[in-house]
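In: Got a predicted structure plus its sequence, pasted below:
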Amino acid sequence: MATKIRIPPWMFGNTTVRSPFRLKDGLTAISQSSLQGNLRGIEQDKAFRELLGEVGIVELGSDETNSVGRKWRAALSQLGFLYSPIPERLNIPQNEVGAIDTITPNGWRLVNSESVSAIQECFLRSLASYYVPNIFESGYKFTKVFSPLRLTLSIMLELEKRTGTSLLNFLEMAVIVQFSNADQDFNDIVNSILRLRDNRNSSKNKKSFDREERAKASAKFGYVETTFNDYADTNFRYLKATGLVQSKGRNITLIPEKRLFVQKLCADKYVPVDGKDGLISLTNGAKLPTDSKDTAIVVVEDLVRQLKDKGVTTSSKNPKPDDVADINQLRHDLEDKLFELNEIEFAKNQVNEWQDISNWLEILSTNPSKTITLENGDKLSIPNGEAPAYFEWIIWRAFLAINSLINPPNECRKFKIDQDFLPVGTAPGGGPDLIFEFDNFVIVGEVTLTTNSRQEAAEGEPVRRHVANIVDYYESKNKQVYGLFLANKIDSNTAETFRLGTWYRNDDVKLKLDIVPLPLSLFKIFFDSMFSKGLVRSSFVEELILKCAEHRVNEAPVWKNLITDTVISYSANLSVNAN
C-alpha cells in the first residue's frame with residue numbers, strides 16, 4: 001500500500017498558545033526573570049513552566065510535564081519575539097542575529113506596549129514578517145516563498161470585490177486557505193472558495209456538508225479531521241490579533257476602517273532575499289506601509305473622511321510634514337476615536353443581546369471550561385486560561401444592557417478590549433474592576449473566581465479600599481456608592497469582612513461601606529428575570545442591593561442564606577415590585 005503523503009498547512013504560532021495576547025504576558029514574565037537567554041533543557045523548561053504558573057498565565061494543576069515551557073518558548077520564537085538557534089547548515093553566526101532565547105527588538109516592543117492598538121501592531125509586524133518556506137520550516141512541497149498574511153488578506157479583498165463582502169468562513173480557512181501557496185494561481189484559490197461556498201449554501205444539511213468536506217481534505221492532505229479545525233482556529237485568532245480583521249459569527253471580515261491599510265500592505269510584494277534577511281525581518285518586525293510618510297498621510301486622510309461620514313469633525317492641527325512618528329500618532333488617535341464610536345454603538349446594542357449575556361453567565365457560574373451549543377449550532381466557550389477576563393467582561397456587558405449608565409462604556413471597564421469587544425486580559429491592580437454610574441447611584445463591581453478561604457485574603461482589603469476611594473470621589477456629587485462583589489461561591493470569611501464593611505481614611509475618619517457579596521448564579525437569576533419579563537430598570541438593581549444589605553445584622557453564614565432568599569424572592573416577584 002502506498003504511503004499517504006502529508007501536505008502541511010501553514011500556521012501562525014502553534015496550537016498550544018491559541019490566545020495571542022497571552023504571549024505578551026509570558027514574554028513580560030521572561031523579561032523580569034533570570035530565565036531570559038536561559039530557556040533550554042529539562043530544568044529550564046520546568047522553571048519556565050513554573051514562572052508561567054506563578055504569574056497566573058497557565059494553570060499548573062497536578063500536571064508536572066515540562067512541555068508547557070517548551071511549547072511557549074517555541075511559540076515566542078516562531079513569531080520572532082525570542083531569538084532562535086540558527087541551523088548550522090545556513091552558516092550564519094548566531095552573534096550576527098541575536099543571542100539564543102533573548103528578547104528581540106519586536107519582542108521588547110511587545111513587552112513595552114500598553115494600548116491594545118500598540119500590542120496589535122507588534123503582532124502585525126510579526127505576522128507580516130512571517131514567510132514560508134523559511135529557514136525553520138522548510139518541509140513544504142511548494143517552491144515560491146510567500147507571506148501567508150498577505151495571501152489571506154488578498155483573498156479577502158478579492159472576495160469583497162466579487163461578492164460585496166470580505167467575509168471568510170471557518171471551513172474555507174480550514175480546507176482551502178491554510179493549504180494555499182504562491183505556486184498556485186491566485187484566481188484558482190478564490191474560485192475554489194466560491195465553489196465551496198455555493199455548494200455549502202445549496203446543501204440541505206450544513207453540518208453534514210462540513211464533515212464531508214473535512215473528510216475529503218483529510219484524504220487529500222493526509223491529516224486527521226480535527227487538525228483542520230485546530231489550525232484554522234489558531235490562524236483566525238492570530239489574524240484577529242493584528243487588528244486588521246474582526247469576527248462575524250464564526251467567520252472573519254476586514255475591519256472597514258483598516259481596508260486602505262490592508263490594500264497597501266497587500267501591494268507590498270517583498271520576500272526575504274536569504275535566511276539572514278528573513279531572520280532580521282522576523283526579529284525586528286516587518287516594515288509596514290505606514291512607516292512611509294506618504295502612505296501614512298494617505299491613511300490619515302482616509303480616517304478623517306471616515307470620521308466625517310460619522311458626523312465627527314477632527315482637529316485642523318496637522319502633523320509635521322517630515323515626522324512620520326507624529327503622523328502615525330495622529331493615525332492612532334483617529335483610529336481610537338473611531339473605535340470609541342463603535343464601542344458606543346456596541347454598548348447601545350447590549351439590551352438586545354441579553355440572551356447571549358445570559359448564556360455566558362451560565363458558563364461562568366457553572367463551569368468556566370464547559371461549552372454551550374446554541375440552537376443555530378454555534379458554540380460558546382471561554383478560551384483556556386481567560387475565565388477571569390471573561391468574568392469581568394460579561395458583568396460589564398450585563399450592566400451595559402441595563403442601558404441606563406451615564407458614564408461612557410470605556411470608562412465603566414478597567415480591562416482592555418479588542419476590535420471584537422472581547423477582553424484583552426483582566427483589569428490592572430490598584431483600582432476597581434468595574435465602575436457603573438447611574439443617575440442616582442454608583443456601583444463598584446469586583447469579581448473573582450477564587451472560592452476558598454484565600455478569597456478573603458485576596459479580596460477583602462482591596463475591595464474595601466477600592467469602594468472607599470470611589471465613595472470619596474463621589475462624595476461631592478452626593479451620590480450613594482455600593483460595592484457588588486461577585487464570585488461563584490462566597491466564603492463566609494469574605495462575607496464577614498463585607499458585612500462589617502468598615503474602612504478608615506488616612507485621617508482616621510471611619511467609613512461605613514455598603515458592599516454586598518453575591519454568588520454569580522444569583523446575579524444571573526436576577527438578570528434573567530428583568531429581561532425575560534421586560535422590566536429592565538436600574539432602580540431594581542439599587543433596591544435589590546439595599547434589601548440584601550438590610551440583613552447584614554446577622555452573622556455571615558446567616559447573611560449569605562438571607563441574601564439567597566432575598567434575590568430569589570425579589571426576582572420572582574419583579575412584576576409586583578414594578579407596580
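Out: In hand now; what should we look at?
In: what about Lys337, neighbour count?
Out: Residues near Lys337, counting by other CB atoms under 10 Å, number 16. Where C-beta positions appear, they are placed from N, C-alpha and C, glycine not excepted.
In: Secondary structure class of the closest residue to Val145 other than its chain neighbours, three-state.
Out: Distance criterion CB to CB, 6 or more residues apart in numbering; nearest residue to Val145, sequence neighbours excluded, is Val271 at 4.6 Å. Classification of Val271 using DSSP: H, G, I helix; E, B strand; the rest coil returns coil.
In: contacting residues for Val271?
Out: Counting by CB atoms under 8 Å, 6 or more residues apart in numbering, Val271 makes contact with 131, 145-147.
In: From these, pick the one nearest Thr313.
Out: Distance ranking of the contacts of Val271 against Thr313, using CB to CB, places Ser147 first at 37.5 Å.
In: which one is the closest one nearest to, not counting chain neighbours?
Out: Distances taken as CB to CB, 6+ apart put Tyr131 closest to Ser147, at 5.5 Å, once the chain neighbours are dropped.
In: Pull the contacting residues for the one you found.
Out: Tyr131 makes contact with 145-148, 271-272, 278, according to CB under 8 Å, 6+ apart.
In: 7 Å instead, please
Out: 145-147, 271-272, 278 (CB atoms under 7 Å, 6 or more residues apart in numbering).
In: How about Gly13?
Out: 20, 75, 78-79, 234, 238.
In: picking up where we left off before, among the contacts of Tyr131, which pair sits farthest apart?
Out: The widest separation within the contacts of Tyr131 (CB to CB) is 12.3 Å, between Phe146 and Gly278.
In: Glu340 and Ala296, how far apart?
Out: Glu340 is 21 Å from Ala296, where distance means CB to CB, to the nearest Å.
In: more crowded one of these two?
Out: Between Glu340 and Ala296, counted using other CB under 10 Å, Ala296 has the larger neighbour count: 24 against 13.
In: From the contact counts, what lies against the helix or strand hosting that one?
Out: Assigning secondary structure by DSSP states H and E places Ala296 in helix 293-309. Packing partners of helix 293-309 (3 or more CB pairs under 7 Å, 6 or more residues apart in numbering; DSSP states H and E): helix 259-266, helix 324-349.
In: roughly how far is that helix from the heart of the chain?
Out: Offset of helix 293-309 from its chain centre (CA atoms, centre = their mean, to the nearest Å): 27 Å.
In: orientation of that helix relative to helix 324-349 in degrees?
Out: For helix 293-309 against helix 324-349, the angle by axes from the mean of the first three to the mean of the last three CA atoms, to 10 degrees is 30 degrees.
In: residue ranges of the strands in the chain, please?
Out: 245-248, 251-254, 372-373, 379-380, 416-417, 423-424, 434-437, 441-447, 480-487, 502-504, 510-512, 515-519 (DSSP state E).
In: With mean neighbour count and mean pLDDT added, can I get these in a markdown table?
Out: Listed next are those as a markdown table, based on neighbours: other CB atoms under 10 Å; pLDDT from 0 to 100:
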| stretch | mean neighbour count | mean pLDDT |
| --- | --- | --- |
| strand 245-248 | 18 | 92 |
| strand 251-254 | 20 | 96 |
| strand 372-373 | 12 | 87 |
| strand 379-380 | 12 | 86 |
| strand 416-417 | 20 | 94 |
| strand 423-424 | 22 | 92 |
| strand 434-437 | 22 | 97 |
| strand 441-447 | 23 | 97 |
| strand 480-487 | 22 | 97 |
| strand 502-504 | 13 | 93 |
| strand 510-512 | 11 | 92 |
| strand 515-519 | 24 | 97 |
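In: Output the ones you listed in a markdown table; the columns should cover distance to Cys548.
Out: What follows is the strands of the chain, written out as a markdown table (distance: least, CB to CB, whole Å):
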| stretch | distance to Cys548 |
| --- | --- |
| strand 245-248 | 37 |
| strand 251-254 | 43 |
| strand 372-373 | 29 |
| strand 379-380 | 29 |
| strand 416-417 | 30 |
| strand 423-424 | 27 |
| strand 434-437 | 17 |
| strand 441-447 | 13 |
| strand 480-487 | 10 |
| strand 502-504 | 18 |
| strand 510-512 | 16 |
| strand 515-519 | 5 |
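In: Ignoring the adjacent residues along the chain, who's closest to Leu486?
Out: Setting aside the residues directly before and after it, Leu486 is nearest to Val447 in space (CB to CB, 6+ apart), at 4.7 Å.
In: In this structure the one you found contacts Asn488, no?
Out: No. Using CB atoms under 7 Å, Val447 makes no contact with Asn488, being 9.8 Å away.
In: Show me the shaky parts of the stretch 1-150 of the chain.
Out: Low-confidence segments of the stretch 1-150 of the chain (pLDDT under 70): 1-6, 60-66, 138.
In: Please enumerate the helices of it.
Out: Taking DSSP state H, counting those that start in this stretch to define them, one finds helices in the stretch 1-150 of the chain at 21-31, 42-54, 67-78, 105-112, 116-128, 148-163.
In: Excluding chain neighbours, what is closest to Arg200?
Out: Phe209 is the one closest to Arg200 (CB to CB, 6+ apart), at 5.4 Å.
In: oh sorry, the question was meant for Gly285
Out: Counting by CB to CB, 6+ apart, Arg125 is the residue found nearest to Gly285 once chain neighbours are left out, at 3.1 Å.
In: and the gap between Arg70 and Gly26?
Out: 13 Å.
In: Could you chop the chain up by domain?
Out: 1-145+272-288, 147-182+201-270, 293-342, 347-577 (automatic domain parsing).
In: Take those and write them to TSV, including distance to Asp188.
Out: Supplementary listing: the domains of the chain in TSV, determined by distance: least, CB to CB, whole Å:
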stretch	distance to Asp188
domain 1-145+272-288	14
domain 147-182+201-270	9
domain 293-342	30
domain 347-577	30
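In: Quick check: Thr283 touching Thr104?
Out: Yes. In this structure, Thr283 is within contact of Thr104 by CB under 7 Å, at 3.8 Å.
In: so what's in contact with these two at the same time?
Out: In contact with both Thr283 and Thr104: 80, 83, 98, using CB under 7 Å, 6+ apart.
In: which of those residues tops the neighbour count?
Out: Per-residue neighbour counts (other CB under 10 Å) across the shared contacts of Thr283 and Thr104 peak at Gly80, which has 28 neighbours.
In: check contacts around that residue.
Out: Applying CB under 7 Å, 6+ apart, the residues near Gly80 are 104, 106, 126, 129, 282-283.
In: Report the buried members of these.
Out: By neighbour count, with 16 or more other CB atoms under 10 Å, these hold 104, 106, 126, 129, 282-283 as buried.
In: nearest to Gln184, of these?
Out: Set against Gln184, the nearest of these by CB to CB is Ser129 (22.3 Å).
In: can you tell me which residues contact the closest one?
Out: Contacts here follow CB under 7 Å, 6+ apart; on that basis Ser129 touches 80, 281-282, 285-286.
In: now it: how far from Gly278?
Out: From Ser129 over to Gly278 the distance is 8 Å, taken as CB to CB.
In: just His551 next, same as before
Out: Counting by CB to CB - His551 and Gly278 are separated by 67 Å.
In: neighbour-wise, which of those two wins?
Out: Legend: neighbour count by other CB under 10 Å for His551 and Gly278, higher for Gly278 (21 against 17).
In: Surely the more buried one is in contact with Pro272?
Out: Yes. The pair Gly278 / Pro272 is scored as a contact, 3.4 Å apart, by CB under 7 Å.
In: picking up where we left off before, may I see the contacts of Gly13 arranged in a markdown table, with neighbour count as well?
Out: Listed next are the contacts of Gly13 as a markdown table, based on neighbours: other CB atoms under 10 Å:
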| residue | neighbour count |
| --- | --- |
| Pro20 | 26 |
| Ala75 | 22 |
| Gln78 | 21 |
| Leu79 | 31 |
| Thr234 | 21 |
| Tyr238 | 24 |
